[in-house]
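Engineer: Could you work out the structure for the sequence below:
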Amino acid sequence: MIKKLSADETSKLLAELEHWQLTADSCAILRSFKFADFNEAFGFMTRVAIKAQEMDHHPEWSNVYNKVDITLTTHAAKGLTDRDITLAKFIDSIT
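Structural biologist: The predicted model follows:
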């Protein structure tokens, strides 16, 4: 079973993720991205999709032209886990 992060762990790890925001229910983190155009946004999503598939941990996301909104949560744990933090750090590393 995947361990849900405690409130203290969440606060500490979220401090390392400058642009991510905790949702009101503290069960997910989210971030919005804006790119030059659709092609750049889609390329970004492709890189994230490849990593997510490798991790078997898939984001909730939406894309409209050059904007991508991503929400990370671990449904099996009903909240945030290390997997969300790891994927968020990867996402940050490619932007």
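Engineer: From here on, just use CA atoms for contacts and neighbour counts.
Structural biologist: Noted.
Engineer: Tell me the spacing between L13 and D84.
Structural biologist: Going from L13 to D84 by C-alpha to C-alpha, to the nearest Å gives 10 Å.
Engineer: What of A76?
Structural biologist: 12 Å.
Engineer: for D56, same thing?
Structural biologist: On the measure of C-alpha to C-alpha, D56 and D84 end up 11 Å apart.
Engineer: out of these two, which sits in the more crowded spot?
Structural biologist: D84 (21 against 10; other C-alpha atoms under 10 Å).
Engineer: and whichever strand or helix holds that one, what other elements does it pack with?
Structural biologist: D84 is part of helix 82-93 when elements are defined by DSSP states H and E. Helix 82-93 sits against helix 38-55, with contacts defined as 3 or more C-alpha pairs under 8 Å, 6 or more residues apart in numbering; DSSP states H and E.
Engineer: Go again with 7 Å.
Structural biologist: Contact partners of helix 82-93 among helices and strands, from 3 or more C-alpha pairs under 7 Å, 6 or more residues apart in numbering; DSSP states H and E: none.
Engineer: what is the mean pLDDT for that helix?
Structural biologist: For helix 82-93, the mean per-residue pLDDT is 97.
Engineer: for stretch 16-36, same thing?
Structural biologist: Stretch 16-36 comes out at a mean pLDDT of 96.
Engineer: So what touches that stretch?
Structural biologist: For stretch 16-36, contacts defined as C-alpha atoms under 7 Å, 6 or more residues apart in numbering pick out A41, N66, K67, V68, D69, I70, T71, L72, T73, K78, G79, L80.
Engineer: which two from those end up farthest apart in space?
Structural biologist: N66 and K78 (30.3 Å; C-alpha to C-alpha).
Engineer: End to end on stretch 15-29, go ahead and measure it.
Structural biologist: From start residue to end residue, stretch 15-29 stretches across 12 Å - C-alpha to C-alpha.
Engineer: Buried residues in that stretch, which are they?
Structural biologist: W20, Q21, L22, C27, A28, I29 (16 or more other C-alpha atoms under 10 Å).
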